[in-house]
Structure formats: C-alpha cells, structure tokens
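> Give me a 3D structure for the following:
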Amino acid sequence: KKIMKKIFLAFFLSIISFNLVHAITLSEALSEAYKNNPELNAERENLNISEEDLKISRSEFLPSITISGSKSSEDTDKNTNRSGAETAVTDVNPKTQSVLIEQKLFQGFAGVAGYEKNKLGLNLAQAKFLKKEQDILFKAVEAYTGLTLAKEKFDINQSNVNLSERQVETDRSRLERGQVTLADVAQSESSLAESQAKLIESQNEVLTSKLEYERVVGPLNSIDNLNGNYGLSFEVPSSLNQAIEISKDNSPDLIIAKIEYQQSEKDLTIAKSELSPSATLSLESSKTDDLSATVDERDKETVKATISWPLFKGGKNFAEINRSKSLKNRKQLLYEYALRTNETEVASAWANLQSTESLLNSVKLQVKAAEIANEGISAEYESGLGRSTLDLIQSNTILLNSKISLANSERNYLLAKFNLLKSIGLLNSDYLKIQ
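Residues are numbered from 1 along each chain as shown. Okay, the predicted model is just below:
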C-alpha cells in the first residue's frame, strides 16, 4: 500500500508539474492570436496582393515580347480565268514565325503616377495590417483577462458558498443550544441561496468568456491552463505630451489617412494624363516559308513608331479630372480631421489610465479594510460578544464584493495600459516583443 501511495503521489505531482509548465501566459496568448487569428491572416494576404500590384505597375515600364506563328494549307479544286478556261493551280502552304517587341515611351506620366500610387498602396496595406494587428491583440488581451477574471470570480463565489454552508451548519447547531434564534438561521440560509445563485452566474460567465477566448485566440482545453500571469513587460509614455508626440508618427489611423490623401494626388495625375499624348515603339521580325507561287521565303523586319493624342471622348476626360479633384479634396479633409481627433483619442486613453490606476489603489485599501473588519466581526461572533448573524453576513458580503471589485479593477487597469498603447500606435508584436 505504501508503494502504491508513493506511485500515486508521484503521478499526481507529475500532472501538477506538467500543468504548470504548460500554463498559458498572456504573452503566449498574444503570440497565438498574432500567428493564427483569421482576420490577421487575411490582412497578411492583402499585403501579398499589394506587393503583386506593385510588380504589375512596374511592368508598364518594361518592353513586351510576343512570339507568334501560323500555318495554313490551301487546296484548290478548280481555277479558271475570266474567259472560263482552266488555269494552273498554284496552291501554297505558308508558314509564318514572328517576334514582336513593343515599348511604351510616354503615357502622359500615367505610368509613373500609377507606379508611385502602388508603392503607396503597399505602405497603406502595411498600415492597415498594423491597425488590424492592434485590434486583434487588444481583443486577445480582453479575452485573456476576461476569462481569467471570470475564473477568479468563480473561485471567489465558490469559496463564499463553502463559507455560507458552514455558516448555516453552525447556526443550526447554535439554534439547538439556544444561542441564536430561528430568524438568524433563516438569514444564514437566505445568504447561502444568494451565494449559490451568484456561483451559477459566475459559471455561465466562465463559459461565455472561454468561447470568446477561443474565437479570438484559439482552442483552449481547460481554463485551468491559464495561469493568470499578466507579467508582460512594456513601457507606457510618462506624460500626455509624450504620448501625443509618439502617436503622430505611429498611429495607424493617421498613417492611413495620410497615405490615402497622397494616393488621391496620384489619381489626379493619372486622370490628367488622359488628355496627354502617348507614344510607343515596336519592332517586329518575321519569317515566312512558301509565301506564294513565286516567293519561297521572306524575312522581314518592321520598325513602327506610334503617337496618339486623345482630343475628345464625349467629356469623359474632364469629368474624370473633376472627380479626382473632388476625391483629393475629400481625402485632404479626412486627413485634417484625423489629425484633430488623434489628440482627443490619446488624451482620453491617458485620462482613463490615470483614473483606473487611482481606482485600483483605492480598491486595494478597501479590500484590506474589509479583511480586517471581517476577521474581527467573525471572531466576535464566534465568541458571542454581541455580533449578530446579520452582522457576519453583511461583513462577508462586503469582503466578497471588495475582492471581486479588486479583480475587476486590476483587469481594467491593465486594459487601460494596452488601450493607451493602441491609441499611440505601439500595440504591436515588435514593441511587445511577441515571438
């Protein structure tokens, strides 16, 4: 039996050790979301699309080479002249091979503007990826901390249920000895029913939080795999002015608005190029065998220069120019608006961080005071020094609520820090050093 106990103990400790080693930290959850979140992977594909668009626009400056060939066969049954007399049949089977090289020389700066627009498009895709990255990482933080909070609230409520059950048993025993009244026992039983209801509510919260975690981050075998470790080391700005200055260079919303305005300038250049001439140069080299009854082979090279200048397209050219001008003005107004709202959003995030930090410190003091008060009231109640059952229940309730409030405040403070990073454009894998 002793050997079996030792084996069982070793097995149990190995399970505990395994769970501890594989406990998921906040950093690991963020890394999982960064690598596998479908929305973020979709933005990665958008980056690939923008890179290919840039290659396509670059091809406008390179020559095009076309190789072609043809083979035909003639079979004349009858051949007569105008007098009706038959003439000799001279069927041929021509075969032609050719190489055509074409080069665009000038497109009214549309090619250059299109290439520069696609370069901006790649930068825009990178900025949109950063914006989506920030959104997903923040959602992952919300999901991880939300599930951790739900688990902590469940543990607190479970502990409260156990305490209430012991309280009911104690009061029933004291009722038999005449130390308390029937009303005191009823109060204890009512408190137990309330704590059980809160436990059921916390169980449901754990379930919904786990589903949200799996939606954002990925599969989770058990909530016990979360170790609740928020120890992700990062710095936040030390002042509001510093935060605003950082945001001017890093905010994805500002970057996106600026690039879209720059692209609208290129669109205007492209629209204007529709009124400009264009020029192309081509060289074709061809070889034909069995060309005709009198010509067996022909080698020919043709150099061709083409210049075209659109003069009138029913007003379409001028309408496109006016449209591009209006779009450019719109993007400029949106960029100016983004600049103004950026400071407001950063200031709001900064103020929220300060308020949540102050609230957290206050709640910590509240919990400490509630613990001291509960310890004293419990001791007085047990010794019969005038404390009623209602006093003890109220003290337990205050302590329970203060612990839950502390868990909420710790989460809100952490979310406020991440929200500040998001507002200034630093909530990304590089800054957080996520592998």
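> which stretches of the stretch 51-200 of the chain aren't confidently modelled?
89 (pLDDT under 70).
> if you set the cut-off to 80 instead, what comes out?
Along the stretch 51-200 of the chain, the parts satisfying pLDDT under 80 run over 74-92, 108, 174, 178-180.
> can you give me the helices for it?
Assigned by DSSP state H, counting those that start in this stretch, the helices in the stretch 51-200 of the chain fall at 110-176, 182-216.
> next helix or strand past the shortest one?
Moving toward the C-terminus from helix 182-216, the next helix or strand (DSSP states H and E) is helix 240-250.
> residues of that following helix that come out buried?
Neighbour-count burial for helix 240-250 flags 240, 243-244, 246-247, 250 (criterion: 16 or more other Cβ atoms under 10 Å). (Glycine included, C-beta is placed from N, CA and C.)
> try stretch 391-400
For stretch 391-400, by 16+ other Cβ under 10 Å, it's 392-400.
> and which of these is nearest to D289?
Set against D289, the nearest of the buried residues of stretch 391-400 by Cβ to Cβ is L400 (98.0 Å).
> got the contact list for the closest one?
L400 makes contact with 156-157, 160 under the criterion Cβ atoms under 8 Å, 6 or more residues apart in numbering.
> okay if I get the residues you listed as CSV plus neighbour count and distance to E201?
Compiled in CSV, these are given as follows (neighbours: other Cβ atoms under 10 Å; distance: Cβ to Cβ, whole Å):
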residue, neighbour count, distance to E201
I156, 20, 12
N157, 23, 8
N160, 24, 12
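> can I get the residues you listed in JSON lines with distance to K210?
Putting these into JSON lines (distance: Cβ to Cβ, whole Å) gives the following:
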{"residue": "I156", "distance to K210": "18"}
{"residue": "N157", "distance to K210": "17"}
{"residue": "N160", "distance to K210": "22"}
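> wait, which of the buried residues of stretch 391-400 is closest to Y34?
Within those, proximity to Y34 (Cβ to Cβ) peaks at L400, which comes in at 36.9 Å.
> Assign that closest one to helix, strand or coil.
Put simply, L400 is helix when judged by DSSP: H, G, I helix; E, B strand; the rest coil.
> Relative to N204, how far out is it?
18 Å (Cβ to Cβ, to the nearest Å).
> I'd like to know which of the helices of the stretch 51-200 of the chain is closest to S409.
The closest of the helices of the stretch 51-200 of the chain to S409 is helix 110-176. By Cβ to Cβ, the value is 10.4 Å.
> Summarise which helices and strands the closest one is packed against.
The contact analysis (3 or more Cβ pairs under 8 Å, 6 or more residues apart in numbering; DSSP states H and E) places helix 110-176 against helix 26-36, helix 38-58, helix 182-216, helix 252-273, helix 389-424, helix 429-432.
> hmm, try it at 6 Å
Secondary-structure packing of helix 110-176 (3 or more Cβ pairs under 6 Å, 6 or more residues apart in numbering; DSSP states H and E): helix 26-36, helix 38-58, helix 182-216, helix 252-273, helix 389-424.
> Distance from the longest one to the middle of the chain?
Just to be clear, that refers to helix 389-424. Distance of helix 389-424 from the chain centroid (Cα atoms, centre = their mean, to the nearest Å) equals 28 Å.
> what comes up buried for that helix?
Within helix 389-424, the residues scored as buried using 16+ other Cβ under 10 Å are 389, 392-400, 402-424.
> now the angle from that helix to helix 26-36?
Orientation of helix 389-424 against helix 26-36 (axes from the mean of the first three to the mean of the last three Cα atoms, to 10 degrees) gives an angle of 50 degrees.
> What of the fourth one?
Taking the same axes, to 10 degrees, one finds helix 252-273 and helix 26-36 inclined to each other by 20 degrees.
> And helix 252-273, how far out from the chain middle?
Relative to its chain's centre, helix 252-273 lies at 24 Å (Cα atoms, centre = their mean).
> Could you name the helices and strands sitting against that helix?
In terms of contacts (3+ Cβ pairs under 6 Å, 6+ apart), helix 252-273 is packed against helix 110-176, helix 316-383.
> As CSV, those with distance to Y213 would be great.
As requested, these are exported to CSV (distance: least, Cβ to Cβ, whole Å):
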stretch, distance to Y213
helix 110-176, 4
helix 316-383, 22
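> middle-most residue in this structure, spatially?
Taking Cα atoms, centre = their mean as the criterion, K132 is the residue nearest the geometric centre of the chain, at 3.1 Å.
> How much space separates that residue from E380?
Using Cβ to Cβ, one obtains 58 Å as the distance from K132 to E380.
> Could you do R330 as well?
Taking Cβ to Cβ, one finds R330 at 72 Å from E380.
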